[in-house]
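Colleague: Sequence first, then the predicted structure:
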Amino acid sequence: MSGRGPARRGGKGRGRRGRGGGNKAGAGPGGYCVCPECGHRIKHEAGKRCLDISCPKCGSKMIRE
(Lines give C-alpha, C1' and ligand atoms only; values in the text may rest on other atoms or scores of the structure.)
Protein backbone atom coordinates (compact mmCIF):
# COMPACT_ATOMS: atom_id res chain seq x y z
CA MET A 1 0.00 0.00 0.00
CA SER A 2 1.07 3.55 -0.60
CA GLY A 3 -0.14 4.86 2.77
CA ARG A 4 -2.09 7.74 1.22
CA GLY A 5 -5.48 6.73 2.56
CA PRO A 6 -8.58 5.62 0.65
CA ALA A 7 -8.86 6.30 -3.06
CA ARG A 8 -10.74 9.48 -3.92
CA ARG A 9 -13.78 9.13 -6.08
CA GLY A 10 -15.70 11.82 -7.85
CA GLY A 11 -15.00 15.24 -6.46
CA LYS A 12 -15.34 18.62 -8.03
CA GLY A 13 -14.14 18.69 -11.63
CA ARG A 14 -13.08 15.07 -11.76
CA GLY A 15 -14.26 12.98 -14.67
CA ARG A 16 -16.55 15.66 -16.02
CA ARG A 17 -14.66 16.90 -19.08
CA GLY A 18 -16.76 17.17 -22.19
CA ARG A 19 -20.09 17.24 -20.42
CA GLY A 20 -22.35 20.20 -19.94
CA GLY A 21 -21.77 22.94 -22.46
CA GLY A 22 -19.40 25.60 -23.52
CA ASN A 23 -16.71 25.61 -26.13
CA LYS A 24 -14.82 22.47 -25.17
CA ALA A 25 -14.72 19.19 -27.04
CA GLY A 26 -17.82 17.06 -26.56
CA ALA A 27 -19.92 19.98 -25.41
CA GLY A 28 -23.11 18.23 -26.48
CA PRO A 29 -25.52 18.45 -29.38
CA GLY A 30 -27.03 21.87 -28.67
CA GLY A 31 -25.63 25.36 -28.96
CA TYR A 32 -24.29 27.46 -31.81
CA CYS A 33 -21.27 27.80 -34.05
CA VAL A 34 -20.08 31.41 -34.17
CA CYS A 35 -17.77 33.19 -36.61
CA PRO A 36 -14.95 34.94 -34.71
CA GLU A 37 -14.55 37.47 -37.58
CA CYS A 38 -18.06 38.70 -38.36
CA GLY A 39 -20.12 37.26 -35.48
CA HIS A 40 -22.53 35.24 -37.68
CA ARG A 41 -24.17 32.38 -35.73
CA ILE A 42 -25.57 29.08 -36.98
CA LYS A 43 -27.15 26.26 -35.02
CA HIS A 44 -24.63 23.52 -34.11
CA GLU A 45 -25.24 20.17 -35.81
CA ALA A 46 -24.60 17.07 -33.72
CA GLY A 47 -21.60 15.12 -34.99
CA LYS A 48 -20.06 18.11 -36.81
CA ARG A 49 -17.23 20.16 -35.38
CA CYS A 50 -17.68 23.91 -35.68
CA LEU A 51 -14.03 24.17 -36.76
CA ASP A 52 -14.88 22.12 -39.87
CA ILE A 53 -17.55 24.63 -40.95
CA SER A 54 -16.79 27.81 -42.88
CA CYS A 55 -18.82 30.93 -42.18
CA PRO A 56 -21.44 31.37 -44.93
CA LYS A 57 -20.93 35.17 -44.82
CA CYS A 58 -17.13 35.66 -44.74
CA GLY A 59 -15.56 32.19 -45.11
CA SER A 60 -13.72 32.08 -41.76
CA LYS A 61 -13.70 28.90 -39.68
CA MET A 62 -16.45 28.81 -37.07
CA ILE A 63 -15.92 28.23 -33.33
CA ARG A 64 -18.20 26.73 -30.71
CA GLU A 65 -20.16 29.17 -28.57
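Modeller: It's in. Numbering: from 1, shown residues only.
Colleague: Run a quick neighbour tally on the nearest residue to C38 once chain neighbours are set aside.
Modeller: Leaving aside its sequence neighbours, C38 sits nearest to C58 (CB to CB, 6 or more residues apart in numbering; 4.7 Å). Where C-beta positions appear, they are placed from N, C-alpha and C, glycine not excepted. By other CB atoms under 10 Å, the residues close to C58 number 11.
Colleague: swap in K57?
Modeller: Residues contacting K57 under the criterion other CB under 10 Å number 12.
Colleague: so it touches G39, yeah?
Modeller: No. Counting by CB atoms under 8 Å, K57 stays clear of G39, with 9.1 Å between them.
Colleague: and C35, how many neighbours?
Modeller: Using other CB under 10 Å, C35 is surrounded by 21 other residues.
Colleague: Now for it: which residues touch it?
Modeller: 41, 55, 57-58, 60, 62-63 (CB atoms under 8 Å, 6 or more residues apart in numbering).
Colleague: what's the neighbour count on the closest residue to it other than its chain neighbours?
Modeller: Nearest in space to C35, with sequence neighbours left out and distances taken as CB to CB, 6+ apart, is C55 at 3.9 Å. For C55, the count of nearby residues is 19 (other CB under 10 Å).
Colleague: any idea how far C55 lies from E37?
Modeller: Using CB to CB, to the nearest Å, C55 is found at 7 Å from E37.
Colleague: Then P29?
Modeller: Taken as CB to CB, the span from P29 to E37 is 25 Å.
Colleague: Same check on I63?
Modeller: Taking CB to CB, one finds I63 at 10 Å from E37.
Colleague: Going along the chain, name the strands of this structure.
Modeller: 32-34, 41-43, 63-64 (DSSP state E).
Colleague: Deepest in the core, which of those is it.
Modeller: Of all these, strand 32-34 has the most neighbours on average by mean count of other CB atoms under 10 Å, namely a mean of 18.
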